[in-house]
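Asker: Return atomic coordinates for the entry below.
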Amino acid sequence: MNSTHNIVAGYILWIFGFLGAHRFYYGKAVSGTIWFFTLGLLGIGWLIDLFLIPGMNESANFDYSQGKLDYTIGWVLLTFLGLFGVHRMYMGKWITGIIYLCTGGLIGIGIVYDYWTLNEQIDALNREGREPFKL
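Answerer: Now for the predicted structure:
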């Protein structure tokens, strides 16, 4: 089976799961948004997810295409450097990466969009055979 998502990364993001980070990582944008606004369903959903992560990981590995672009790297770059567009540059989307750099991720709106769609963006690029940016 291909391995697109890392279960260790999923559990690390689960630590911040009351904000929905692990759910976004596994492509569950709607529930990730709900977790964000309800603090993980007041912590109850967050605790339950501790046991659901293996299934979410397996589902993500089934749903998304393996390729040269790494999903975990994309998510780390989005999470910590998204305002600067580094995740977009990693995917080879230089124009929007520079726009994010100059506008703070389009004043945060682009960051929200990317949280909802990053897995699909990387999946499409992997299907095309796109190479990641290398120094």
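Asker: any idea how this protein splits into domains?
Answerer: The chain breaks down into these domains under automatic domain parsing: 7-63, 71-128.
Asker: Please tell me how far residue 47 sits from residue 35.
Answerer: Distance, residue 47 to residue 35, by C-beta to C-beta, to the nearest Å: 12 Å. All C-beta atoms are positioned from the backbone trio N, CA, C, and that covers glycine.
Asker: one step back: need the domains of the chain in CSV with mean pLDDT and mean neighbour count, can you?
Answerer: Below are the domains of the chain laid out as CSV (pLDDT from 0 to 100; neighbours: other C-beta atoms under 10 Å):
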stretch, mean pLDDT, mean neighbour count
domain 7-63, 93, 18
domain 71-128, 95, 18
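Asker: Which parts of this protein are helices?
Answerer: 7-15, 21-25, 29-42, 44-63, 71-81, 86-90, 94-107, 109-128 (DSSP state H).
Asker: Show me what the second one is in contact with.
Answerer: Residues outside helix 21-25 that contact it (C-beta atoms under 8 Å, 6 or more residues apart in numbering): 5, 9-11, 13-14, 16-17, 29, 31-32, 35, 49, 53, 56, 60, 71, 75, 79, 115-116, 118.
Asker: Repeat that for the last one.
Answerer: With contacts defined as C-beta under 8 Å, 6+ apart, helix 109-128 is touched by 24, 27, 29, 32-33, 60, 63-69, 71, 74-75, 78, 82-83, 87-88, 91-92, 96, 99-100, 103, 105.
Asker: Centre of the chain to that helix, how far?
Answerer: Chain-centre distance of helix 109-128: 8 Å, with C-alpha atoms, centre = their mean, to the nearest Å.
Asker: Equivalent analysis for the second one, please.
Answerer: The chain centre lies 6 Å from the centre of helix 21-25; the measure is C-alpha atoms, centre = their mean.
Asker: what's the answer for stretch 86-98, then?
Answerer: Computed by C-alpha atoms, centre = their mean, the separation of stretch 86-98 from the middle of its chain amounts to 15 Å.
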